[in-house]
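Chemist: Predicted model follows, preceded by the sequence.
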Amino acid sequence: MTRFTRRTVIAGAAAAAALPLAGRGARAAGFPEKPIRTIIPIAPGGQTDVLARLLQQTIDKNKLLPQPLVIVNNAAAGGTAGTRTVRDAEADGYTIGMFHMGLLTAPAMGVVDYDHTAFEMIGQVGRTPIGLGVTATSRFKTIQDLIAEAKAKPDTITVAMNIGLLPHFVPLMFQQDAGIRLRYVQSGGGAVRLKSLLGNHTEVSLFASSEFVLYKEQGIKPLVMFSESRVPDLPDVPTAREIGVKTVFEERVMAFAPKGTPRDRLDVVAKALQAALDDPEVVSRLTALGIERRFVDGAKLRATLDELKGPIVTVGQEVRKAQAEQAAAEKKP
């Protein structure tokens, strides 16, 4: 074999060996090659839907992805139909979902048999601080007043809630952590719970920080927030931690994908979402909505959800037990 031929063969072999790597790189760089179906497990108009559409529009406007996100709302079965669609989709990066903490509360209530661990977490795209509030004329001037009364007279302070959802779960978590017992009254969504308090049918309820700002003129004031630190819009309201109660819980909007979706494809979507959150118009809109635009990567988000799962499951068991007892009592003659 001539010297020239030997070099040619060696060079050809090296090039051939490099082809699989180049191919993989080209495929990753080319993703996405078609629109990405984005399942929103709630009806149009909710906070999660508004945030998802804002990010979708910003990604399209700024060409942050070569293909658009296509929003598909599926609110059937309390959102579980939507999350199941994502779970069962092909793990190729072309189906993702955006949902809130229902990823944890639904399985805790036994509505579904899977939780966040059935998905690949892309990242958190929004966070909303929540807390307990009363009317401005309430006998409770501070959260310490409420705790003292609840300890002295268990099961007498009424909480307007929506059974099985955050307005039920979070007060129950606070109740456990504070060593008190409250009495829960099924009311409904935020507007209904607001009316319940203003009509003096109940005394306490859970609201988002933006709702406290919005409802201030109507006579609602926050007593405590469950955020990690004080909320800028509510600087005088303590966190639960500040008063010695460990409850920390915030509503989160999260992007996720079917289990097994390649990490490089998840990273492409995550990078686009994070860039969209930095858009000045998005910053302005989210500030007005009371949503913190804090992106948390998939690994850190997964760890946070893992930590929250235990307390939520415990509360879910209590809720289901109470429901069973109530159903049994109603059947008695």
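Modeler: Nice, thanks for sending it over.

Chemist: can you list contacts of stretch 170-189?
Modeler: Around stretch 170-189, the neighbours that count as contacts under Cβ atoms under 8 Å, 6 or more residues apart in numbering are 130, 132, 147, 150-151, 154-163, 167-168, 193, 196, 201-202, 204-206, 224, 226, 240, 245-247, 249, 311-312, 314-315, 318-319. (C-beta placed from N, C-alpha, C; glycine too.)

Chemist: And stretch 145-158, by the same measure?
Modeler: In contact with stretch 145-158 (Cβ under 8 Å, 6+ apart) are residues 132, 134, 139-140, 175, 178-185, 201-204, 223, 243.

Chemist: Narrow the contacts of stretch 170-189 to those in strands?
Modeler: Secondary structure from DSSP state E places 130, 132, 158-161, 204-206, 224 of those in strands.

Chemist: Where does pLDDT dip in this protein?
Modeler: Along the chain, the model assigns pLDDT under 70 to residues 1-29, 164, 326, 333.

Chemist: in it, which helix has the most residues?
Modeler: helix 298-331 (DSSP state H).

Chemist: Can you get me a residue count around T105?
Modeler: When counting by other Cβ atoms under 10 Å, one arrives at 23 neighbours for T105.

Chemist: circling back to that earlier point, mind picking the two most distant members of the ones in strands among the contacts of stretch 170-189?
Modeler: I130 and T158 (18.8 Å; Cβ to Cβ).

Chemist: For those two, indicate the residue with more neighbours.
Modeler: Using other Cβ under 10 Å, the more surrounded residue of I130 and T158 is I130, with 25 against 19.

Chemist: Looking at strand pairing, list the partners for the more buried one.
Modeler: I130 has these beta-bridge partners by DSSP bridges: A208.

Chemist: Which residues are in contact with it?
Modeler: By Cβ under 8 Å, 6+ apart, the residues touching I130 are 166, 170, 206-209, 225-227, 249-251.

Chemist: how far away is it from I291?
Modeler: 12 Å (Cβ to Cβ, to the nearest Å).

Chemist: likewise A328?
Modeler: A328 is 41 Å from I291, by Cβ to Cβ.

Chemist: L194 too?
Modeler: 19 Å.

Chemist: The two: who's more crowded?
Modeler: Neighbours per residue (other Cβ under 10 Å) separate L194 from I291, with I291 holding more: 25 against 22.

Chemist: Using the three-state scheme, assign the closest residue to that one other than its chain neighbours.
Modeler: Once flanking residues are discounted, I291 sits nearest to G126: 4.6 Å by Cβ to Cβ, 6 or more residues apart in numbering. Following DSSP: H, G, I helix; E, B strand; the rest coil, we place G126 in the strand state.

Chemist: circling back: now the contacts of I130 as TSV including distance to H116 and neighbour count?
Modeler: Converted to TSV, the contacts of I130 look like this (distance: Cβ to Cβ, whole Å; neighbours: other Cβ atoms under 10 Å):
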residue	distance to H116	neighbour count
L166	16	20
V170	18	24
L206	22	26
F207	25	21
A208	21	21
S209	24	24
M225	24	28
F226	19	23
S227	21	22
F249	15	23
E250	15	24
E251	15	21
